[in-house]
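[1] here is the input, now give the coordinates:
(chains A and B)
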Protein chains: 2
Amino acid sequence: MNDDAPDLAIRSATADDLPAVVAMLADDPLGASRESPEDLAPYVAAFKRLDEDPNQRLVVAVRGGRVVGTLQLTIIPGLSRKGATRSLVEGVRVHADERGSGLGTRFIEWAIEESRRENCTLVQLTSDASRTDAHRFYERLGFTASHVGFKLAL
Amino acid sequence: MNDDAPDLAIRSATADDLPAVVAMLADDPLGASRESPEDLAPYVAAFKRLDEDPNQRLVVAVRGGRVVGTLQLTIIPGLSRKGATRSLVEGVRVHADERGSGLGTRFIEWAIEESRRENCTLVQLTSDASRTDAHRFYERLGFTASHVGFKLAL
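    All right, here's what the predicted structure looks like:
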């Protein structure tokens, strides 16, 4: 990015952001086969559920009026670690035009800051084993690859 | 377990279960240094928050009137995968007396069944890299170790 690039803002997503957000979810090596940007109905229903849940933060990054990134943060109360609340980062996507702009770092810093505001003592996320660049990125930001992430499709 | 063992039931946890649940969280190679079974106050506060959150299921396994296991399931709406809802399993503990009894399998089967009832299309969890027996256990139950789990303590 050059010094003339408009400022980047991170704000809560609205229903109007959904076409841009879903396009980013689909513009991804793993997402391409999983998403349906031509049919937004399931995303509209899911957005409503996220929007009504006080433990969910769905945000977008906006530069020059254009949505260029998205991230979902879930606040998860729990008993373990002396009743610790943790947060979970999911669905991080950065528009192809913004790669290398520092937006990924800004996003994770935002997630950490928001987690602190919610008195979380732990931020966690999983990253597909094939995304080796992402793994180095999270380690640079202070995360430890201490766990194995298991998934079961229903 | 022999054939005379009382039946096992899985039910929602109540505040009265907290001493037994916290004792199990602490009776664990990793949990021993993280928990404070002598001071239940932080767990009582966390339990209240879990109990009021419709996307949280904190359950206990009970055999013969005694709490012998605990598990937390979080229902997480989201946009990715066509607006898929997923579930997250955390804080699985089985009392030392129950190891090898099949309770771990019963618990995960319960979590899968509950996730289906909530229309989740994915169940996920992370397991500390040091818990190699647990990894084989989850793979036997159909989970895939497809992800790397990152944590950042705040």
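[2] in chain A, what residue spans correspond to helices?
    A:18-26, A:41-52, A:80-83, A:103-117, A:132-140 (DSSP state H).
[3] deepest-packed of those, please.
    The highest mean neighbour count among the helices of chain A, using mean count of other CB atoms under 10 Å in any protein chain shown, belongs to helix A:80-83: a mean of 22. Every C-beta, even on glycine, is put in place using the N, C-alpha and C of the backbone.
[4] low pLDDT regions in chain A?
    A:1-5 (pLDDT under 70).
[5] same thing but 80
    Where chain A drops to pLDDT under 80, the residues are A:1-6, A:28-32.
[6] the helices of chain A: which one's closest to B:Ala23?
    helix A:80-83 (12.6 Å; CB to CB).
[7] which strands and helices sit next to the closest one?
    helix B:41-52 (3 or more CB pairs under 8 Å, 6 or more residues apart in numbering or on different chains; DSSP states H and E).
[8] check which helices and strands the helix it packs on is in contact with.
    helix A:80-83, helix B:18-26, strand B:56-63.
[9] just so I know, which of the ones you listed lies nearest B:His147?
    Closest among those, once you apply CB to CB, is helix A:80-83, at 20.4 Å.
[10] need the residues that contact that closest one.
    A:77, A:121-122, B:25, B:31, B:34-36, B:42-47, B:90-91 (CB atoms under 8 Å, 6 or more residues apart in numbering or on different chains).
[11] from those residues, which is closest to A:Glu98?
    A:Leu122 (27.9 Å).
[12] what distance do you get for the closest one to chain B?
    A:Leu122 sits 6 Å away from chain B, taking CB to the nearest CB, to the nearest Å as the criterion.
[13] got the helices and strands packed on helix B:41-52 as a markdown table, with distance to B:Ile112 columns?
    Converted to a markdown table, the helices and strands packed on helix B:41-52 look like this (distance: least, CB to CB, whole Å):
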| stretch | distance to B:Ile112 |
| --- | --- |
| helix A:80-83 | 21 |
| helix B:18-26 | 22 |
| strand B:56-63 | 13 |
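[14] just so I know, which of the ones you listed lies nearest B:Leu152?
    Closest to B:Leu152 of the helices and strands packed on helix B:41-52 is helix A:80-83 (CB to CB; 13.6 Å).
[15] so which of the helices and strands packed on helix B:41-52 comes closest to A:Asp53?
    The nearest among the helices and strands packed on helix B:41-52, by CB to CB, is strand B:56-63 at 11.3 Å.
[16] what pairs with the residue nearest to the spatial centre of chain A across the strands?
    Nearest to the mean C-alpha position of chain A, by CA atoms, centre = their mean, lies A:Leu71 at 2.1 Å. With DSSP bridges as the criterion, A:Leu71 is bridged to A:Val59.
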